[in-house]
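Asker: Sharing a model prediction with you, sequence too.
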Amino acid sequence: MKYRRSGRLVDMTNYFLSHPHQQIPLTYFSEAYKSAKSSISEDIAIIKEVFESRYTGTIETTAGAAGGVMFIPAADRESSEKLIDGLCQKLEDPDRLLPGGYLYMMDVIGDPMLMRELGRIFAARYRPGDIDAVMTMATKGIPLAYAVAEHLNVPVSIVRHEHRITEGSLVSINYVSGSNKRIQTMSLARRSLKPESRVFIVDDFMKAGGTIRGMIDLSNEFQCTVAGVGVLTEAVHEEEKLVDNYISLTRLSEIDIKNKRIKAERGNLFA
């Protein structure tokens, strides 16, 4: 079927959004729409202009026989700050307070559209090839990790406390929990992370950073490089964190359990 330009633009836009960080030959579109490469190039130029004007991302072109086009997601600061400010307001609801200074977060983590936008904010900081895999700790970090991985077009490696027979052989380490100072164990299936990968670690909530420190050490067991650490919400307190280099979207600058008061603000990503 031969498409009109309007039909091609709609379908190509959808394809780009569904295939970020993926090199696509011009011949793919030319054959799919039975159109000349020159027409396809003009279509791509139109989509690129709209993407960039709307801060959706950009489309990069690579010349040569192995070349093609690639969509790279972006996130503009103004829209990101507006989204995070709205999230901070939600986090300040005193009914979220849980024992130990934790917050109820399942309604936030369970919002697919919100997770997708937050994942795009993290992913927009990286170029194609910067990240080979996203790692997180089961279970609450999984939705955000998959959102980041979707925008980066990379797999997700899920670290667990318990052994699952369906995951085959494991690599396990002991780590010290930053909040309660207890020695715990975390494991990752050998097949879930390729050696020497560049890993982006995601966590939903960080107090002292013991879990993230453990995932960093576990990555080292696979001879992998930790290219970045992203945190949805960090708690600010007097205790020294076990992780130095990380980016956070939100931070809890005050948690007053007695008076049921929470103060949330933008994380260090927006500093």
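Answerer: Now that the structure is in, tell me what you want to look at.

Asker: now the closest residue to Met137 other than its chain neighbours: how far from Asn180?
Answerer: With CB to CB, 6 or more residues apart in numbering as the criterion, Met137 has its nearest non-adjacent residue at 4.9 Å, and that residue is Val159. In short, each C-beta sits where N, CA and C put it, glycine included. Taking CB to CB, to the nearest Å as the criterion, Val159 is separated from Asn180 by 18 Å.

Asker: what does Ile131 give?
Answerer: From Ile131 over to Asn180 (counting by CB to CB), the distance is 31 Å.

Asker: So which of the two has more stuff around it?
Answerer: Neighbours of Ile131 and Asn180, each counted by other CB atoms under 10 Å, are more numerous for Ile131; the result is 23 against 11.

Asker: Just confirm the more buried one is within a strand.
Answerer: No: under DSSP: H, G, I helix; E, B strand; the rest coil, Ile131 sits outside any strand and is assigned coil.

Asker: For the closest residue to it other than its chain neighbours, grab phi and psi.
Answerer: Leaving aside its chain neighbours, Ile131 sits nearest to Phe200 (4.7 Å; criterion: CB to CB, 6+ apart). According to degrees, to the nearest 10, the main-chain angles of Phe200 amount to phi -110, psi 120.

Asker: burial of Phe200, as a residue count?
Answerer: Neighbour number of Phe200 under other CB under 10 Å is 26.

Asker: Looking at strand pairing, list the partners for it.
Answerer: For Phe200, the residues forming beta bridges with it (DSSP bridges) are Val134, Gly228.

Asker: Is it in contact with Gly141, as I believe?
Answerer: No: Phe200 sits out of contact with Gly141 when judged by CB atoms under 8 Å, with a separation of 11.8 Å.

Asker: remind me which residues of this structure are low pLDDT?
Answerer: For the chain, residues meeting the criterion pLDDT under 70 lie at 65-66, 178-179, 238.

Asker: show me where it has strands.
Answerer: In the chain, the segments counted as strands under DSSP state E are 57-62, 68-73, 97-98, 102-103, 133-137, 156-159, 170-176, 183-189, 198-206, 225-235, 247-256, 261-266.

Asker: which one of those strands lies closest to Asn14?
Answerer: Proximity of those to Asn14 was assessed by CB to CB; the nearest stretch is strand 68-73, lying at 11.0 Å.

Asker: now for that closest one, which elements pack on it?
Answerer: Packed against strand 68-73 by the contact rule (3 or more CB pairs under 8 Å, 6 or more residues apart in numbering; DSSP states H and E) you find helix 26-33, strand 57-62.

Asker: Let's see that with 10 Å instead.
Answerer: helix 5-18, helix 26-33, helix 37-53, strand 57-62, helix 112-123, helix 142-152 (3 or more CB pairs under 10 Å, 6 or more residues apart in numbering; DSSP states H and E).

Asker: possible to save these as a markdown table with mean neighbour count and distance to Leu252?
Answerer: Conversion of these to a markdown table gives the following (neighbours: other CB atoms under 10 Å; distance: least, CB to CB, whole Å):
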| stretch | mean neighbour count | distance to Leu252 |
| --- | --- | --- |
| helix 5-18 | 15 | 33 |
| helix 26-33 | 16 | 47 |
| helix 37-53 | 15 | 35 |
| strand 57-62 | 16 | 31 |
| helix 112-123 | 21 | 16 |
| helix 142-152 | 24 | 17 |
